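Participant: prediction below, plus the sequence it came from.
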Amino acid sequence: AATGSMHFSIPDTQELGSAPTYTSYSIHINGAFHCSLRFKQLHSLNEQLRRHGPHPLPSLPPFPPKRLLPLTGGQLEARRSALEHYLQALGQDTRVARSPLVQRFLQRAQLDTALGESLVRSDCEEQQVEVLAGHPGERILVSCSVQQNSSALLQAVCRELQVPEELMRYFCLFLVRRQRSGEELHLVRRLMEFEAPYITRLHVPQPCDLMLRTSYWDPLWDARLYASAPAMGLLYHQAVADVTREWVVLCSPGVGRQLSGLQLQGRQREYLELVRQLPSYGCLQFDAAQVDYPEPQTMALISIGNKELGLRTPRGSKIYETKFRVTRMRSWRVSVTHNAVEARLEPAHLQLAFEYLIAKQTLRWITITSDQAMLMSVCLQAMVDELLQRDPSSDEEQEAAAGQPLACSTATSTPSSTGSTSTWATSSCSSSTTPPVRFLSEDGRSKHQPRLTTSRTFGAVFFRNDGAGEDVVANEAFEGIGDDDL
């Protein structure tokens, strides 16, 4: 699956070299450190895009000018901010973000950074990489070059598992970290297709594993994997592992006994058909996080899937579950605060806030504080993209003809996706009791009016939060939802 829009930040700079020194900019993508770049490298990318990039190019901010004299502290900060703004605009246009020129540039930049830091000896160095796949705890050992990107590694793993080439697109690689209990997994993020998994693991502050998972959100796509025994086996073992980790919540002890019986008998298809009927099947589960719903400083377990974001909140001896439909989220933002001194080791303090239609003409901001906020945001966008790509009235074959399923970090070229804006906000959310609902005027909305391609369209956007509230991007797809959907 192709990588969609990306969310860039440059939280810090470093002075490197000697006589003369030069400034290195730390580039973070989707909240994680990716590479270090000099101004001249970014200037070269800008020149290449204007000559050889996709046309027409988006309306990018002006690239900061070259200067002959050394920069003062204020000038350096102005350049850092301008470069960050430029990269954010570049990353939000999926045509540019997906272009081979940008993908090759980012892949090479990650390798050059690792070479400069002596993390690898040469770009031809061969290493062995382990990937969690198949039976719980089973590891597939694959030989690869240190510069091999995740797309190539995914193909190598699928070939090792004898998954047919035409079904490889239904899988993706996640970066995960085992919790103390051993069985529990902390989802770090889904790997972008241009990044080198071997180098990525060297840059993360804590040891992580690579894990193979399905790349789509709609369980209807499961049927495509039934035609291949290896592919169906991967789907089956993923489902068993999700049940074991309690990512799939069993509705009753009877269902648990049925699943255990089918597992003992090795009846994979029957197991899948039963587990697919459970409401939490296919959801990604996140760590416990602090939310401000229904009350401030509430701790809840977060899940995303089935077109919903779910909260499981313990109250006394009971657990209450609240579900927020993605089609009722008018917009959302990820706010990040970097510690510039430790930006590499302690990447960010993250919050996901979404504007939710609680009742007709009543919007409320709901905030989740979690180091997984960026992954949550990417997953929400992926679900929206999958909904936008599909016509709900079409049958499965028509859906397949319209395009392949999208993975967690994928975005389509749908206007409501490409027309959105994302920045890294540092201000916190307003109090939920007085939600900062801000509807744009007709003049403001017309600048971002997308062309709706179906009669029933869904969408959500990122928007700027600089404290002034003047740069909100309207979500026209959300406004297309009728009263029957509320």
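Facilitator: Now that the structure is in, tell me what you want to look at.
Participant: spit out the contact partners of the spatially closest residue to residue 268 that is not a sequence neighbour.
Facilitator: Closest residue to residue 268 apart from its sequence neighbours, by Cβ to Cβ, 6 or more residues apart in numbering: residue 236 at 4.2 Å. Placement of C-beta: from N, CA and C, glycine included. Shown in contact with residue 236 (Cβ atoms under 8 Å, 6 or more residues apart in numbering): 268, 271-272.
Participant: pretty sure residue 290 contacts residue 368?
Facilitator: Yes: using Cβ atoms under 8 Å, residue 290 is in contact with residue 368, at 7.4 Å.
Participant: between those two, which is the more surrounded one?
Facilitator: Under the criterion of other Cβ atoms under 10 Å, the comparison of residue 290 against residue 368 puts residue 368 first, with 26 against 14.
Participant: secondary structure element holding the more buried one?
Facilitator: strand 362-369 (DSSP states H and E).
Participant: who does that strand pair with, and is each partner parallel or antiparallel?
Facilitator: strand 284-291 (antiparallel), strand 349-359 (antiparallel) (DSSP bridges).
Participant: reformat those as a markdown table; add mean pLDDT and distance to residue 39.
Facilitator: Formatted as a markdown table, the strands paired with strand 362-369 follow (pLDDT from 0 to 100; distance: least, Cβ to Cβ, whole Å):
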| stretch | mean pLDDT | distance to residue 39 |
| --- | --- | --- |
| strand 284-291 | 94 | 37 |
| strand 349-359 | 90 | 28 |
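Participant: wasn't residue 254 part of a helix?
Facilitator: Yes: Residue 254: assigned to a helix according to DSSP: H, G, I helix; E, B strand; the rest coil.
Participant: and residue 140, that's in a helix?
Facilitator: No: assigned with three-state DSSP, residue 140 falls outside any helix and is strand.
Participant: per-residue confidence at it?
Facilitator: We have a pLDDT of 92 for residue 140.
Participant: hmm, residue 131 and it touching each other?
Facilitator: Yes: if you go by Cβ under 8 Å, residue 140 and residue 131 touch, sitting 4.8 Å apart.
Participant: higher neighbour count, those two?
Facilitator: When neighbours are counted by other Cβ under 10 Å, residue 140 and residue 131 differ, and residue 131 comes out ahead with 23 against 17.
Participant: gap between the more buried one and residue 211?
Facilitator: Using Cβ to Cβ, to the nearest Å, residue 131 is found at 7 Å from residue 211.
Participant: next, show the common contact partners of these two.
Facilitator: Common contacts of residue 131 and residue 211 (Cβ under 8 Å, 6+ apart): residue 173.
Participant: hmm, back to that, report the buried residues of the strand holding residue 368.
Facilitator: Across strand 362-369, burial judged by 16 or more other Cβ atoms under 10 Å covers 363-369.
Participant: can you list those in CSV and add distance to residue 311 and pLDDT?
Facilitator: Below are those laid out as CSV (distance: Cβ to Cβ, whole Å; pLDDT from 0 to 100):
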residue, distance to residue 311, pLDDT
363, 18, 92
364, 14, 94
365, 15, 95
366, 9, 95
367, 12, 95
368, 9, 96
369, 13, 95
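Participant: residue 173: which of these is nearest?
Facilitator: Of all the buried residues of strand 362-369, residue 368 has the smallest distance to residue 173: 24.9 Å, by Cβ to Cβ.
Participant: contacting residues around that closest one?
Facilitator: Each residue near residue 368 by Cβ under 8 Å, 6+ apart is listed here: 289-291, 302, 351-353, 376.
Participant: helices of the stretch 301-450 of the chain, start to end?
Facilitator: Along the stretch 301-450 of the chain, counting by DSSP state H, counting those that start in this stretch, helices occupy 373-389, 396-402, 415-418, 442-446.
Participant: weakest of the ones you listed in terms of mean pLDDT?
Facilitator: Lowest mean pLDDT within the helices of the stretch 301-450 of the chain: helix 415-418, a mean of 30.
Participant: circling back: quick check: neighbours shared by residue 140 and residue 131?
Facilitator: By the contact definition Cβ under 8 Å, 6+ apart, residue 140 and residue 131 are jointly contacted by 157, 212.
Participant: can you list the residues that contact stretch 194-204?
Facilitator: Residues outside stretch 194-204 that contact it (Cβ under 8 Å, 6+ apart): 3, 32-34, 103-104, 106-107, 110-111, 114, 119-120, 127, 129, 144, 146-151, 153, 173, 175, 188, 191, 207-208, 210, 344.
Participant: bridging residues for residue 130?
Facilitator: Beta-bridge pairing of residue 130 under DSSP bridges involves residue 141.
Participant: and the gap between residue 135 and residue 33?
Facilitator: As judged by Cβ to Cβ, residue 135 and residue 33 stand 33 Å apart.
Participant: these two: who's more crowded?
Facilitator: A count of neighbours by other Cβ under 10 Å puts residue 33 above the other of residue 135 and residue 33, at 21 against 13.
Participant: sec struct for that one, please.
Facilitator: Per three-state DSSP, residue 33 ends up strand.
Participant: phi, psi for the spatially closest residue to residue 85 that is not a sequence neighbour please.
Facilitator: Among residues not flanking residue 85 along the chain, residue 61 sits closest, at 5.2 Å (Cβ to Cβ, 6+ apart). Dihedral pair for residue 61: phi -60, psi 160, per degrees, to the nearest 10.
Participant: for stretch 154-163, which residues meet the burial criterion?
Facilitator: In stretch 154-163, counting by 16+ other Cβ under 10 Å, buried: 154, 156-158, 161, 163.
Participant: picking up where we left off before, out of the buried residues of strand 362-369, who's nearest residue 97?
Facilitator: Residue 97 lies nearest to residue 368 out of the buried residues of strand 362-369, by Cβ to Cβ, at 25.3 Å.
Participant: residue 101 and residue 52: what is the separation?
Facilitator: 6 Å.
Participant: looking at those two, which is more packed in?
Facilitator: residue 101 (15 against 11).
Participant: pLDDT value on residue 143, please?
Facilitator: 91.
Participant: with residue 403 instead?
Facilitator: pLDDT, residue 403: 36.
Participant: same check, this time on the one 5 residues further on
Facilitator: pLDDT, residue 408: 33.
Participant: equivalent analysis for residue 203, please.
Facilitator: pLDDT recorded at residue 203 is 89.
Participant: run a quick neighbour tally on it.
Facilitator: So residue 203, with other Cβ under 10 Å, has 18 neighbours.
Participant: the helix or strand harbouring residue 108 packs against which elements?
Facilitator: If you go by DSSP H and E, residue 108 is part of helix 100-116. Packing partners of helix 100-116 (3 or more Cβ pairs under 8 Å, 6 or more residues apart in numbering; DSSP states H and E): strand 32-38, helix 39-52, helix 197-203.
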